[in-house]
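**Student:** sequence and predicted model, in that order:
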Amino acid sequence: MVVSEGERAEGPFGTLTRSRPQQRILAAALDLIGSHGVSGTSLQMIADAVGVTKAAVYHQYRSKNDIVIAVTENELAILQDALLAAEADERPEEARRTLLIQLIDLAVTRRQWVGTLTSDPVIVRILGEHPPFLQFMRRLYGVLLDQRDDTKARVSAAIMSAAIAGSVVNPLVADVDDDVLRATLIELVPRLMGLDG
């Protein structure tokens, strides 16, 4: 979901309103944080990438943490429609498979960001303390794990997350074309989840 200037839309963390300057800041932050991590990315670097002053960035976002949350929200918003459809689908196996394919597609398309999102300790801490993010992830894994919330289901979710995120950023597949990697993950990950029947 891309929210244009002044447009309001429902996102995974609630209602979004993003101006064109905010979207430009988030696009630059996505690239920079993906390359340098949160600690290696300064607000000045983001401002320079956008071509504005650091004060202009502060005018749009109060802190780097707010930018990290907004970037994550933008990326997860891509899954929002698929998650809503899966939650409403009366065929749980089909819903799980469809949502899983969307998740794999996002991970492959945003390889660098996924690597940073799952390994940067600052991002892990910021998002781990952000209730709307945790709620969205619970909903996502609720569908993928057929609403189970026991130890086995959570470990399965961790394995699945690690399998997808680790696969897209692993040096062994750095030279693998996105389409080939996507197709291979779509073939293999459902087997890990028992969806290959």
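**Tutor:** Perfect, I can see it now. All values reported here derive from a predicted model rather than from experimental measurement.

**Student:** which residues of this structure fall in helices?
**Tutor:** Assigned by DSSP state H, the chain shows helices spanning 20-36, 43-50, 54-60, 64-88, 92-109, 111-119, 121-128, 131-144, 151-169, 178-193.

**Student:** how is the protein carved up into domains?
**Tutor:** The record's domain parsing of the chain by automatic domain parsing lists 8-62, 65-193.

**Student:** can you redo those as TSV with mean pLDDT and mean neighbour count?
**Tutor:** Backbone N, C-alpha and C define where each C-beta goes, glycine included. Shown next, in TSV, are those (pLDDT from 0 to 100; neighbours: other C-beta atoms under 10 Å):
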stretch	mean pLDDT	mean neighbour count
domain 8-62	87	17
domain 65-193	86	16
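
**Student:** now do the end-to-end distance for stretch 123-140.
**Tutor:** 19 Å (C-alpha to C-alpha, to the nearest Å).

**Student:** so how far is it from its chain's centroid?
**Tutor:** Taking C-alpha atoms, centre = their mean, to the nearest Å, one finds stretch 123-140 lying 11 Å from the centre of the chain it belongs to.

**Student:** same deal with stretch 54-70?
**Tutor:** Using C-alpha atoms, centre = their mean, the offset of stretch 54-70 from its chain centre is 19 Å.

**Student:** same check, this time on stretch 175-190
**Tutor:** The mean C-alpha position of stretch 175-190 is separated from the chain mean by 18 Å, C-alpha atoms, centre = their mean.

**Student:** got the CA positions of it in PDB?
**Tutor:** In PDB, the C-alpha atoms belonging to stretch 175-190 read as follows (Å, rounded to 0.1, in the frame of the first residue of the first chain):
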ATOM      1  CA  ASP A 175      23.700 -14.600  -6.900                       C
ATOM      2  CA  VAL A 176      20.400 -16.400  -7.200                       C
ATOM      3  CA  ASP A 177      17.900 -14.500  -9.300                       C
ATOM      4  CA  ASP A 178      14.900 -13.200  -7.300                       C
ATOM      5  CA  ASP A 179      12.400 -15.200  -9.400                       C
ATOM      6  CA  VAL A 180      14.300 -18.400  -8.900                       C
ATOM      7  CA  LEU A 181      14.700 -17.800  -5.200                       C
ATOM      8  CA  ARG A 182      11.000 -16.900  -4.800                       C
ATOM      9  CA  ALA A 183       9.900 -20.100  -6.600                       C
ATOM     10  CA  THR A 184      12.300 -22.300  -4.600                       C
ATOM     11  CA  LEU A 185      11.100 -20.800  -1.300                       C
ATOM     12  CA  ILE A 186       7.500 -21.200  -2.300                       C
ATOM     13  CA  GLU A 187       8.200 -24.900  -3.000                       C
ATOM     14  CA  LEU A 188      10.300 -25.600   0.200                       C
ATOM     15  CA  VAL A 189       8.800 -23.400   3.000                       C
ATOM     16  CA  PRO A 190       5.300 -24.900   2.900                       C
END
